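[1] Fold the following and give me the result.
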Amino acid sequence: MSTFVLAIDQGTTSTRAIIFDHDGLPVATGQMEHQQIFPQAGWVEHDPMEIWANTREVIGQALGKANITRHDIAAVGITNQRETAIVWDRRTGQPLYNAIVWQDTRTQGLIDELAVNGGPGRFRDKTGLPLATYFSASKIAWILDNVEGARQLAEAGHLMCGTPDTWVLWNLTGGVDGGVHVTDVTNASRTLLCDISTVSWDQELLDAFSVPRSMLPQIKSSAEVYGHVHSSGLLREVPVAGILGDQQAATFGQAAFSPGESKNTYGTGNFLLVNTGTDQVSSSHGLLTTVAYQLGSEPVTYALEGSIAVTGSLIQWLRDNIGMIQSADEVEGLAASVPDNGGAHFVPAFSGLFAPYWRSDARGVLVGLTRFITKAHIARAALEATAFQTREVLDAINEDFGGGLSELKVDGGMTQNSLLMQFQADILGIPVLRPQVAETTALGAAYAAGLAVGFWQNLEELRDKWHEQARFEPQMGTDEREERLRVWKKAVQKSFDWVE
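    Residues are numbered from 1 along each chain as shown. The predicted structure follows:
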C-alpha cells in the first residue's frame, strides 16, 4: 500500500515538492526558486518553461531525499499562485508569452474601460470580485491583444490558457501527448470569468474580456482524480487528485472546515480567509467573496478573503533592491535591536493597495523620517506594516461576517519571525496561533488529493491532525493599540493619489 502523498506547491517565488505521511507530517522537500522578471515598472512575469522544468526537478529531489519511488505515492496534489495567467499553444506546448503574475498592473487601462459602465463592482454579483488588474482575465486579454498573431490563433482554437495549476497539470499528464486541461473551482473563482454561484464560465464575462471559451480549462472540484502522471515522468501512473489555489489550500491545511474558522498566510503577500460555509457573503468593506473548496460532488464551500499585495515581498525588496540585509532571516534581529519604529511607517503599496482599500493609484511611502531613524527602525516598520495591514483586513471581516474572531491561525514563511507574530497579536488584540506543520499550503493540496483516493477518510480525521506549535498572546494595552492604528491609517492616506 502507498504510504505517502506528494504535493506540488507552485508559488510566486519558488516551486516545491513536499512528501507527506499519513499523519500529515512532511517527510522530504525539494525546492527551486525561479526568476522574477520585471520588464518595466508595474510589470511582473515568470517563465512558464522554467517553472515546468523546476517542477520536474523538485519532484526528483523530494523522492530522492525520502528514498522512495512512485509506488510509495498514493496521489499528487497541486497548489499554486493564483491569478497568474499563462497562454500556450496546444499543438506545441510552447507559451506565447511569459506568465503574467498576479502582482502585475499593466492592464489598468482595460480595467478602467470596463469600469466606465457599472464601476469597479460591475461584475461583483457574479464573481464576488471587483474589477482589478489582480485577477486573470485582463492578463489573458492582454496577451491576446499584444502578442502578434495570438488573437488569430485563439480564434482558430489553437490556444490554451490557465493559472499555474492548469499549466503544471497539463504538462504532468502528458502535455501535447494527451495532457489534461483542467482547473479547480478555487482557481476558476479568481479569474473574473467564472460565475461563482454555478462555478462555470460565464459568457457575459468572456465577452467583456474578449476571451474565447475554447481556450479555457474544464472546471472540476478540488478533490477528484483528474488524470494520471504521464509515462515519461518519475511519478508515472500516479493519480493527480487535488487542486487548490494557494490560499484556499492553506485554509484547508489549517483545518478551517467550519463557518467562522479562518487563517492568515504570510507569504509574498498576505491572505486572510474566513470560511462562510455554503453561503456567499457579499462584502461592503473591500473583501472578496471566493470559493474555499469543493470536495467531489459535495456542495461548494465559500469564503471571505482579504488580500494584501505586499508583505513578505517587502522584506525581499529590502534585501534585493536596497541591500539593507543579506538574507530575509536577518530582518528579525535587525528590527529587534530597537524598541519601536522610531516614528517611521512603511506603507508598501508597490502595486497599489488591495483589501480593504482597492486603490490602484496608491504607491509605496515611507513616512515619519527624522535624523534619528536608522535601518533598524525601517526594518521594524517593514515588519509592522504586515501586522497593520492584517488588522485592517480583520476589521473588515468582522464587519462583513458579524462578530469578532477570537483567535487567528497563521502560516507561511514569515510566521517563523516571533517578533512579528507577537506584534501581530498585540495589534489585533487576540491570540495568534502557529501550527506544528508550517507548510499548510502544500499540506492542504496533499489533503485534497488524499481524500479523493481514500488515503484519508474524512474532514474530521484531518482536523485531528492539527496541532498548535506556538501561541502569542496580546500584551499591548487597548489605548496604545488604538493610537498605533490611528497613526498607521494616517500613513496609509499619504500613499493615495500618487498615480494620476
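[2] quick one: pLDDT of the nearest residue to Ser189 once chain neighbours are set aside?
    Closest residue to Ser189 apart from its sequence neighbours, by CB to CB, 6 or more residues apart in numbering: Val291 at 4.0 Å. Where C-beta positions appear, they are placed from N, C-alpha and C, glycine not excepted. Val291 carries a pLDDT value of 96.
[3] Low-confidence bits of the stretch 301-450 of the chain, can you list those?
    Along the stretch 301-450 of the chain, the parts satisfying pLDDT under 70 run over 403.
[4] who's in contact with Val101?
    By CB atoms under 8 Å, 6 or more residues apart in numbering, Val101 lies in contact with 12, 44-46, 81, 84.
[5] make it 6 Å
    Neighbour list for Val101: 44, 46, 84 [criterion: CB atoms under 6 Å, 6 or more residues apart in numbering].
[6] go on, Trp167?
    48, 86.
[7] burial of Asp395, as a residue count?
    For Asp395, the neighbour count with other CB atoms under 10 Å is 16.
[8] Adjust the sequence numbering to begin at 56 for everything that follows.
    Renumbered: residue one is now 56, and that last one reads Asp450.
[9] That one in helix, strand or coil?
    helix (DSSP: H, G, I helix; E, B strand; the rest coil).
[10] and it, how far is that from Ala504?
    With the distance defined as CB to CB, to the nearest Å, Asp450 ends up 35 Å from Ala504.
[11] so what pLDDT did Asp127 get?
    94.
[12] Show the backbone phi and psi for it.
    Main-chain torsions, Asp127, degrees, to the nearest 10: phi -90, psi 0.
[13] What is the neighbour count of it?
    The local packing of Asp127 (other CB under 10 Å) involves 17 other residues.
[14] where do the strands sit along the stretch 106-255 of the chain?
    128-135, 141-144, 154-155, 214-217, 237-239, 249-250, 255-256 (DSSP state E, counting those that start in this stretch).
[15] which stretch among those comes nearest Lys549?
    strand 154-155 (29.4 Å; CB to CB).
[16] I'd guessed Ala305 sits against Asp466; true?
    Yes - distance between Ala305 and Asp466: 5.5 Å, which falls inside the contact criterion (CB atoms under 6 Å).
[17] so what sits against both of those two?
    Common neighbours of Ala305 and Asp466 (criterion: CB under 6 Å, 6+ apart): 320, 495.
[18] of those two, who's got more company?
    Neighbours per residue (other CB under 10 Å) separate Ala305 from Asp466, with Ala305 holding more: 30 against 25.
[19] any idea how far that one lies from Thr182?
    Computed as CB to CB, the Ala305 to Thr182 distance reads 22 Å.
[20] what do you get for Thr470?
    Counting by CB to CB, the separation of Thr470 from Thr182 is 30 Å.
[21] Over to Leu438?
    To Thr182, Leu438 is 33 Å away according to CB to CB.
[22] shouldn't Leu343 be in contact with Glu360?
    Yes - using CB under 6 Å, Leu343 is in contact with Glu360, at 4.5 Å.
[23] What residues sit buried inside stretch 282-299?
    For stretch 282-299, the neighbour count (16 or more other CB atoms under 10 Å) marks 282-285, 288, 290, 293-299 as buried.
[24] how far is it from where the chain is centred?
    Here stretch 282-299 shows a centroid-to-chain-centroid distance of 23 Å under the convention CA atoms, centre = their mean, to the nearest Å.
[25] neighbours around the residue nearest to Ser244, how many?
    Counted with other CB under 10 Å, Val346 comes out at 25.
[26] Would you mind naming the helix or strand containing it?
    If you go by DSSP states H and E, Val346 is part of strand 343-348.
[27] what about that strand, distance to the chain center?
    Its chain's C-alpha centre and that of strand 343-348 lie 12 Å apart, by CA atoms, centre = their mean.
[28] for stretch 373-392, same thing?
    24 Å.
[29] same check, this time on stretch 447-456
    On CA atoms, centre = their mean, the centre of stretch 447-456 falls 19 Å from the chain's centre.
[30] same question, stretch 302-319
    Centroid separation between stretch 302-319 and its chain, computed with CA atoms, centre = their mean, is 13 Å.
[31] Same question for stretch 184-204.
    Relative to its chain's centre, stretch 184-204 lies at 18 Å (CA atoms, centre = their mean).
[32] ok, now which ones touch the closest residue to Leu488 other than its chain neighbours?
    Leaving aside its sequence neighbours, Leu488 sits nearest to Lys464 (CB to CB, 6+ apart; 5.0 Å). Applying CB under 6 Å, 6+ apart, we find Lys464 in contact with 309, 318, 488.
[33] residues in contact with the closest residue to the second one other than its chain neighbours?
    Put plainly, it is Lys318. Nearest non-adjacent residue to Lys318, counting by CB to CB, 6+ apart: Gln309, 4.1 Å away. Contact analysis of Gln309 by CB under 6 Å, 6+ apart lists 318, 464, 495.
[34] ok, now with 8 Å
    By CB under 8 Å, 6+ apart, the contact list for Gln309 reads 316, 318, 464, 466, 490, 495, 499, 521.
[35] Neighbour-wise, which one of the residues you listed leads?
    When the contacts of Gln309 are compared by neighbour count (other CB under 10 Å), Gly499 ends up highest, at 33 neighbours.
[36] Surely that one is in a helix?
    Yes - membership of Gly499 in a helix is supported by three-state DSSP.
[37] give the contact list for it.
    Each residue near Gly499 by CB under 8 Å, 6+ apart is listed here: 132, 134, 299, 303-309.
[38] Poorly predicted segments of the stretch 156-305 of the chain, please.
    Short version for the stretch 156-305 of the chain, where the test is pLDDT under 70: none.
[39] In the buried residues of stretch 282-299, find the pair that's most separated.
    Using CB to CB, the pair of the buried residues of stretch 282-299 lying farthest apart is His285 and Leu299, separated by 22.1 Å.
[40] Let me know which of the strands of the stretch 106-255 of the chain is the nearest to Gln477.
    Nearest to Gln477 among the strands of the stretch 106-255 of the chain is strand 128-135 (28.5 Å), distances taken as CB to CB.
[41] residue ranges of the helices in the stretch 206-355 of the chain, please?
    For the stretch 206-355 of the chain, the helices defined by DSSP state H, counting those that start in this stretch cover 219-227, 240-243, 258-264, 301-308.
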